[in-house]
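1. 3D, please:
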Amino acid sequence: MSSEETKTKIKEMLATRLKLTIKPEDIADDEPLFGPGRLSFDSIDALEIVVGLQKEFGCVIDNKDKAEKILISVNTIAEFINNGA
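-> Numbers count the residues shown, from 1 in each chain. Model prediction:
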C-alpha cells in the first residue's frame, strides 16, 4: 500500500471511529490530532484510535510513550504503519 493510500485509510478510520463532523479528505496530513486546534482529540479518542489502528492495520501501540510519538498526525501514523508497525 502506498503512503497516500495509507493516509486515506487512516483519515477514513478516524472519521468513522470518532464520528467526526468533518470529511476525511478535509483532514490535513500534518494537522495535529491532539492539543489546541480543530481536531483536539482527547485520551478517549486516543484509545479509540489505537484500537482502530490495530483492527485496520494490525499494528500494536502498547505503551503511552510509543503512542505519544506516533499519534501526532496522519503523517506520523502513516510513517509508523509503512515502516512495519
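2. so where is this structure shaky, pLDDT-wise?
-> Within the chain, the ranges that satisfy pLDDT under 70 run 85.
3. mind redoing it with 90?
-> By pLDDT under 90, the low-scoring segments of the chain are 1, 36-37, 84-85.
4. how about residue 41, phi and psi?
-> Dihedral pair for residue 41: phi -70, psi 160, per degrees, to the nearest 10.
5. Run through the residues that contact the closest residue to residue 25 other than its chain neighbours.
-> Closest residue to residue 25 apart from its sequence neighbours, by Cβ to Cβ, 6 or more residues apart in numbering: residue 11 at 7.0 Å. (Each C-beta comes from the backbone N, C-alpha and C, glycine too.) Counting by Cβ atoms under 8 Å, 6 or more residues apart in numbering, residue 11 touches 24-25, 27, 74.
6. Over to residue 13?
-> 49, 52-53, 56 are the contacts of residue 13 under Cβ under 8 Å, 6+ apart.
7. Same question for residue 67.
-> Listed by Cβ under 8 Å, 6+ apart, the contact partners of residue 67 are 46, 50, 61.
8. Of these, just say which sits nearest to residue 19.
-> residue 46 (15.2 Å; Cβ to Cβ).
9. hang on, the earlier thing: pull the most distant pair out of the contacts of residue 11.
-> By the measure Cβ to Cβ, 25 and 74 form the most distant pair in the contacts of residue 11, at 11.4 Å.
10. So between these two, which is more surrounded?
-> residue 74 (21 against 10; other Cβ atoms under 10 Å).
11. Distance of that one relative to residue 29?
-> 5 Å (Cβ to Cβ, to the nearest Å).
12. what do those two both touch?
-> Contact criterion Cβ under 8 Å, 6+ apart; residues bridging residue 74 and residue 29 by contacting each: residue 7.
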